[in-house]
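Participant: predicted model, plus sequence, below.
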Amino acid sequence: MRPLALLGRAVLAALAMIGRIALFAVEAISHILRPPFYGREFLSALMNIGWLSLPVVGLTAVFTGGALALQIYAGGSRFNAEAVVPQIVAVGMVRELGPVLVGLMIAARVTSSIAAEIATMKVTEQIDALVTLSTHPMKYLTVPRVLAAVLVVPLLVGVGDIIGIFGGYAVATGTLGFNPAGYIRNTVNFLEPLDVISSLTKGAVFGFAAALMGCYHGMNSGRGAMGVGRATKTAVEGAAILILAANFVLTGVFFTL
């Protein structure tokens, strides 16, 4: 029975963590609309999550769009279906690859940064100092970052979608012999409003998940350098898993139900 007992303890521990994260998320949402508001922290989070993430998002999207065009052309040539490259690149980037890749890049860059920053503040007792100064850590540290991520990550996803489609366009017209005007026309005609809405909605959900996991694991980190490192690692892993799970659910809601 020992293996079953170990499995049971692992399952119970996982469920307990899910419950704690859910309560943390509810508390964060409840504080968003209640004063006081910390505008400087919010603007700093906007800059860190949005503007400073543009280079990695742009590079990821352009190379992904180019590689996607090459793969679709190579696969379609086996069935004389090379002409579908513009349509598949557009749908693939907007519906799936754009939001997911941007979300994972945000998890790698922003979630780790938030978790390390807050965990370090906890280790050095700066969070205790905030409480001493009658400043709620949730409102000062978590709410600005979560709100900024929810607002700015959809913009990053939109930019990533456009750059990814441009990457496919550059490869298709420069290497594969596609007509530029025809490529753009096929791309625009094939995309539907629901595709764009689903992409931006995924961006908001992924931003919320990434910022929430960074704040939660930072707030609950262990002491010392090892605690900070473990909190950062766990935050990135949790954010990536949560983003992929949310992507599956949202894709089902938008396109298969």
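Facilitator: Here it is on my side, so go on.

Participant: show me what counts as buried in stretch 103-111.
Facilitator: For stretch 103-111, the neighbour count (16 or more other CB atoms under 10 Å) marks G103, L104, M105, I106, A107, R109, V110, T111 as buried. Heads up, the C-betas are built off the backbone N, CA and C, glycines and all.

Participant: what's the closest of those to A240?
Facilitator: A107 (5.0 Å; CB to CB).

Participant: the closest one contacts L244, correct?
Facilitator: No: assessed by CB atoms under 8 Å, A107 is found out of contact with L244, at 9.9 Å.

Participant: state the mean pLDDT of stretch 3-21.
Facilitator: Per-residue pLDDT values over stretch 3-21 give a mean of 84.

Participant: buried stuff in that stretch?
Facilitator: By 16+ other CB under 10 Å, the buried positions in stretch 3-21 come out as I21.

Participant: who touches that stretch?
Facilitator: Stretch 3-21 is contacted from outside by L212, M213, Y216, N220, G238, using CB atoms under 8 Å, 6 or more residues apart in numbering.

Participant: again with stretch 249-257
Facilitator: R95, E96, L194, I197, S198, T201, K202, V205.

Participant: which of those ranks first by neighbour count?
Facilitator: Counting neighbours by other CB atoms under 10 Å, K202 leads these with 26 neighbours.

Participant: excluding its backbone neighbours, what's nearest that one?
Facilitator: Spatially, and ignoring its direct neighbours in sequence, K202 is nearest to P99 (3.8 Å; CB to CB, 6 or more residues apart in numbering).

Participant: ditto for V62
Facilitator: Closest residue to V62 apart from its sequence neighbours, by CB to CB, 6+ apart: G167 at 3.8 Å.

Participant: which pLDDT value goes with the residue sitting nearest the centre point of the chain?
Facilitator: The chain has G103 as the residue nearest its centroid, 2.2 Å off, counting by CA atoms, centre = their mean. Reported pLDDT at G103 in the predicted model: 93.

Participant: hang on, it packs against N247?
Facilitator: Yes: if you go by CB under 8 Å, G103 and N247 touch, sitting 7.5 Å apart.

Participant: now for these two: what residues contact both?
Facilitator: Contact with both G103 and N247 is made by residues K202, F206, according to CB under 8 Å, 6+ apart.

Participant: SS state for V94?
Facilitator: helix (DSSP: H, G, I helix; E, B strand; the rest coil).

Participant: please renumber so the chain begins at 57
Facilitator: Okay, using 57 as the starting number, the last item reads as V150.
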